[in-house]
Structures are given as C-alpha cells and as structure tokens.
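> sequence-free structure coming up:
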Ligand SMILES: Nc1ncnc2c1ncn2[C@@H]1O[C@H](COP(=O)(O)OP(=O)(O)OP(=O)(O)O)[C@@H](O)[C@H]1O
C-alpha cells in the first residue's frame with residue numbers, strides 16, 4: 001500500500017521562504033487527509049512541494065507505490081481547456097503518461113468517472129460553456145480518471161452547492177476505501193473536515209501547527225489560536241460532532 005511522509009520539508013518562491021520544517025505522520029492509502037490552515041498558510045505551496053514543482057530542503061518520502069507516476073493533483077483554479085468538450089478533456093487527462101493509443105478501458109474509465117460524479121449528461125458540452133461548479137466537477141473528474149495512488153485536491157468543493165459538496169466528499173471516501181487511494185484535500189470547511197476526513201494536518205504561517213486524527217486536532221483552542229474564532233464542538237442527538245462558531249476571537 002502506498003504511503004507518504006514529509007520529513008522536515010521547506011519550500012518557497014525565489015528567496016522568500018514559505019514553508020519551514022514540516023514533518024507529518026505517515027499517511028497511508030485508504031485514508032482521507034484534510035490539509036487545513038488559514039489563507040496563505042502554505043497549503044497550495046505544500047502540494048507544489050510534494051509534486052516536485054518547487055524544490056526545498058527535507059524529504060518527501062513515498063513508499064509502496066505501484067506505478068511510476070503515483071500522484072495526481074487537482075489545482076485550485078484549473079484553467080479551462082476552452083476548445084474541448086467535457087468528454088475530450090477528461091479523456092485527455094486520462095491519457096497523460098499513457099501514450100496516444102486510446103484503449104477500450106480508457107473510454108470505460110472516462111464514462112465511469114463522469115457517471116460517478118453525476119456529470120455524464122455534460123459529456124458533449126464545451127468546457128467554456130460550463131458553470132463554475134460544473135467546471136470544478138470536471139476538474140475533479142480529470143484527476144480521478146487517472147486512477148492515481150495519491151490524490152491531491154486543492155479546495156475541490158469551493159464552487160459546489162451543498163448537495164454536490166457532500167456528494168463529492170462521499171465519492172472520495174469510496175475511492176479511498178475501494179482503491180486504497182491516499183487522498184489529501186486542502187479545505188476551509190472544518191465541519192466537512194470533521195465529518196469526512198481521518199487525519200488533519202494544520203498549517204499556520206508556513207509551519208505545522210498540529211497533525212493527527214481529525215477529531216483530536218480540531219479543538220476549540222485550535223480554532224481560537226489558528227482560525228481566530230470562538231467555537232464549540234458539540235455532539236448532536238445523532239451522536240455526530242459539529243463545530244458551532246460563536247464569534248470572531
Ligand atoms: N508563485 C508564487 N510566487 C510567490 N509567492 C507565492 C506564490 N504562490 C503563493 N505565494 C505566497 O505563498 C504564501 C502561501 O500561499 P499558498 O497559496 O500556499 O497558501 P494557501 O494556504 O493555499 O492559501 P489559500 O487558503 O488562501 O488558498 C502566500 O503568502 C502567497 O502569497
């Protein structure tokens with residue numbers, strides 16, 4: 001099974017250092033990890049460092065991988081491939097690193113992924129004509145269709161309505177379980193993190209503020225110190241824990 005661990009990882013842009021000494025627990029296939037932290041904490045930068053798009057000190061250790069390119073990334077703002085249909089754009093994403101010859105199972109993977117995300121009716125539509133939320137689902141499809149072992153998603157639900165937010169998070173849970181994929185999601189919705197993720201990694205100003213089981217990490221103290229809000233974490237009648245925000249701290 002694939003695993004990922006960061007050891008004393010730093011990174012930056014030019015001479016500006018953004019990330020400093022990030023060490024995480026070992027993250028394993030089958031887990032959903034929330035990458036949390038306020039705006040500009042360094043979440044997208046950490047993804048770029050994991051992907052090798054920017055360099056820095058420390059080690060990104062990936063073990064137990066089956067393929068040469070185990071990681072796939074859904075960026076925060078994926079530019080629209082204006083001239084392509086949804087089907088073509090997802091197929092093109094699927095073919096990255098697989099050569100030019102499209103096989104029957106590539107077409108099946110595209111169709112399954114569009115159906116999985118409930119966007120099969122958009123197949124023939126031009127990407128440029130889609131709504132923001134539809135485009136975000138297509139970006140998710142482009143990442144998922146590649147069947148990576150490690151999936152990095154940068155705020156994948158930010159443009160989605162509530163039903164589709166929950167739908168995508170449930171799909172991620174299924175992918176993690178069925179394919180033993182390690183899924184790391186940068187997100188701002190702490191309620192979703194509490195409900196749908198196993199592990200939380202919290203960045204603050206480029207350093208690691210906390211990491212561990214999401215339910216242990218997300219405390220009223222952390223929300224006050226890192227997110228600067230007064231909050232309570234309470235258990236509802238159904239036994240589920242919820243974050244109740246009272247005020248700014
Ligand atoms: N290409 C770049 N060149 C220079 N600085 C950058 C670049 N990209 C990001 N930064 C800076 O790095 C810091 C961290 O940005 P990053 O996008 O990693 O934060 P984030 O946690 O993903 O934020 P958000 O939640 O707002 O998306 C910010 O101060 C940002 O201005």
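Arrived safely. Fair warning: this is a prediction, and the values are worked out from it, not measured in the lab.

> Residues of the protein that sit close to the ligand?
13, 18, 37, 39, 40, 41, 42, 43, 44, 45 (C-beta under 6 Å from any ligand atom). Heads up, the C-betas are built off the backbone N, CA and C, glycines and all.

> My read is that the first one contacts residue 54, right?
In other words, residue 13. Yes: contact criterion C-beta atoms under 8 Å: residue 13 and residue 54 qualify, at 7.1 Å.

> and for those two, which residues touch both?
Common contact partners of residue 13 and residue 54 (C-beta atoms under 8 Å, 6 or more residues apart in numbering): residue 45.

> Show me which of these two is the more surrounded one.
Using other C-beta atoms under 10 Å as the criterion, residue 13 and residue 54 rank with residue 54 on top: 16 against 10.

> what's the spacing between the closest residue to the more buried one other than its chain neighbours and residue 74?
Spatial nearest neighbour of residue 54, excluding adjacent residues (C-beta to C-beta, 6 or more residues apart in numbering): residue 48 at 4.8 Å. Distance of residue 48 to residue 74, given as C-beta to C-beta, to the nearest Å: 13 Å.

> Show the contacting residues for the closest residue to residue 201 other than its chain neighbours.
Counting by C-beta to C-beta, 6+ apart, residue 201 lies nearest to residue 211, which is 4.7 Å off, once chain neighbours are set aside. Residues in contact with residue 211, defined by C-beta under 8 Å, 6+ apart, are 24, 25, 199, 200, 201, 202, 217.

> where in this protein is pLDDT low?
78-82 (pLDDT under 70).
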